[in-house]
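Asker: Need a 3D model of the sequence below.
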Amino acid sequence: MRQSQESDRREVEQPPLQTISAFARSVGLSASALRQYGETGLLAPADVEERTGYRYYSLDQQQRAIWIRRLRDAGLSLERIGAVFESDLSGAERILNEWRVDARKRSEVITALVDDLTLVLRADVDRNPARRTTAHFDAAALASAIRQVASASADADGDGNHDGVLIEVGPASVAVAATDRYVLMARTDIPSVIDGPPARVRLAPAPVLEWLRRRRSVDLVIDVPAGRDGDAASAVSRFCDERGQELSLPTRADLFPSVDRILQTAAFSPTKALFPLDEVRRLTSAQQRDAVLLSVEESAARLTSAGRSLSGAGIGTPMTITLSRPVLRRIADAAVGQELTCDMHGSDRALVWRAPSQPDFVALVMPWA
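Answerer: Take a look at the predicted model:
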């Protein structure tokens, strides 16, 4: 009798098993998916009845099954999922971080593809041989934005794909940007009235600034042949003033990045610093190409160069980054107001400089190696 009671107790203590259909319902998977995962070894049944081949699963397998479902829904391959579960902690973290990087790259490609294809689908080749975008500006405001960022432009005799200034007309705002591929300056929200789909044009600032100087208001008109992807190489662009006078803009291909996409990747900074703008200008006034050390520790920030230092406020992860003194001077000269802030993401990511008095001004610069 005692042996029978101990046998019954062991049977009661054994965790209950679920049939494949019941287990599938409980974890949100199909029975066919569970069979596939069993055959590949990703999620083997807890028991298989030898005579019938019926598969049974234990309750403690539910969490793994749910993780597999969530990872598959998010797009991770079965091979990578298996590697995650078979690896130690550091190996699993490496695989997941690599997947996250790949997913971000795919997201950028998909976003650009959807934007371009949407523009093509909206174009009616028969009735609308050109897709037109118009942005109306106060001439003085536009000229001020162009002058403010133009110092970041690449030398026209050097990088012919990045010299000049880019005007990027978005769905709800207009950005003006210039870059030499090391530093990018932009005004991201120029006052304007927009009519038409997103478009962009690269222009030489000097003749445009001279033309704008004598105008009160202007329209930027960009015509892109229907079915084209909207880059500057396929556009016919011009400025028109209130009297009907025009300034044609030469067609120029460009490799400018999208300002909006760059700012999205620079969001969520773990470390921030704030300095008095006039003090930054004084610190960087010398013409030598000395490096500047930017460091944040606890609640303080510091800029150091050539034996001189400047204290400021800081917050976030302790960090020290090296950058170019002439580049920082260019940013400080372009900024307006009393303060200059910096968002720091790490030694391999761009620093994001802003002027709180002018929220739409931004400068991105890569740290020195």
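
Asker: going forward, measure contacts and count neighbours with C-alpha atoms only.
Answerer: Noted.

Asker: nearest spatial neighbour of residue 138, skipping sequence neighbours?
Answerer: Excluding its sequence neighbours, the residue lying closest to residue 138 (C-alpha to C-alpha, 6 or more residues apart in numbering) is residue 217, at 4.5 Å.

Asker: can you confirm residue 367 is in a strand?
Answerer: No - counting by DSSP: H, G, I helix; E, B strand; the rest coil, residue 367 is not part of a strand but coil.

Asker: For it, which residues are in contact?
Answerer: Counting by C-alpha atoms under 8 Å, 6 or more residues apart in numbering, residue 367 touches 321-324, 347-351.

Asker: Could you report the distance from it to residue 150?
Answerer: Residue 367 sits at a distance of 21 Å from residue 150 (criterion: C-alpha to C-alpha, to the nearest Å).

Asker: Residue 348 now?
Answerer: Taken as C-alpha to C-alpha, the span from residue 348 to residue 150 is 25 Å.

Asker: So for the two, which residue has more residues nearby?
Answerer: Each of residue 348 and residue 150 has its neighbours counted (other C-alpha atoms under 10 Å); residue 150 has more, 24 against 11.

Asker: what about the more buried one, which SS state?
Answerer: With three-state DSSP as the basis, residue 150 sits in helix.

Asker: so it touches residue 164, yeah?
Answerer: Yes - using C-alpha atoms under 8 Å, residue 150 is in contact with residue 164, at 7.2 Å.

Asker: give me the element the closest residue to residue 322 other than its chain neighbours is part of.
Answerer: Among residues not flanking residue 322 along the chain, residue 293 sits closest, at 4.7 Å (C-alpha to C-alpha, 6+ apart). Under the criterion of DSSP states H and E, residue 293 resides in strand 291-297.

Asker: Next: residue 80.
Answerer: Residue 80 belongs to helix 78-86, assigned by DSSP H and E.

Asker: which residues touch that helix?
Answerer: 42, 68, 71-72, 91-93, 95-96.

Asker: Derive a PyMOL selection command for the buried subset of those residues.
Answerer: Under the burial definition 16 or more other C-alpha atoms under 10 Å, those of the contacts of helix 78-86 that qualify are selected in PyMOL by:
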select buried, resi 42+68+92+96
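
Asker: if you look at the contacts of helix 78-86, which of them are in helices?
Answerer: 68, 71-72, 91-93, 95-96 (DSSP state H).

Asker: circling back: from the contacts of residue 367, which ones fall inside helices?
Answerer: Per DSSP H, the subset of the contacts of residue 367 in helices is empty.

Asker: Now tabulate those residues in CSV and tack on pLDDT and distance to residue 299.
Answerer: Shown next, in CSV, are the contacts of residue 367 (pLDDT from 0 to 100; distance: C-alpha to C-alpha, whole Å):
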residue, pLDDT, distance to residue 299
321, 90, 17
322, 90, 19
323, 88, 21
324, 88, 24
347, 75, 20
348, 76, 23
349, 80, 22
350, 83, 22
351, 89, 19
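
Asker: ok, and the most crowded of these?
Answerer: The contacts of residue 367, ranked by neighbours (other C-alpha under 10 Å): first place residue 351, 23 neighbours.

Asker: any idea how far that one lies from residue 328?
Answerer: Counting by C-alpha to C-alpha, the gap from residue 351 to residue 328 is 11 Å.

Asker: Check residue 140 too.
Answerer: From residue 140 to residue 328 the distance is 26 Å (C-alpha to C-alpha).

Asker: So between the two, which is more surrounded?
Answerer: More neighbours surround residue 328 than the other of residue 140 and residue 328, with 22 against 17 (other C-alpha under 10 Å).

Asker: Report the separation between that one and residue 179.
Answerer: 14 Å.

Asker: What are the boundaries of the helices in this structure?
Answerer: Counting by DSSP H, the helices of the chain are 2-13, 20-27, 31-40, 62-73, 78-86, 89-122, 139-149, 205-212, 259-265, 277-283, 325-334.

Asker: I'd like to know which of those helices is closest to residue 248.
Answerer: helix 205-212 (9.7 Å; C-alpha to C-alpha).

Asker: overlap in contacts of residue 150 and residue 164?
Answerer: Going by C-alpha under 8 Å, 6+ apart, residues that sit against residue 150 and also against residue 164 are 178, 205.

Asker: ok, back up a step: farthest-separated two in the ones in helices among the contacts of helix 78-86?
Answerer: Maximum distance among those (C-alpha to C-alpha): 19.0 Å, for 72 and 91.

Asker: separation between residue 37 and residue 191?
Answerer: 56 Å.

Asker: more neighbours, these two?
Answerer: residue 37 (18 against 15).

Asker: and that one, what is it in contact with?
Answerer: Here residue 37 is in contact with 43-44 (C-alpha under 8 Å, 6+ apart).
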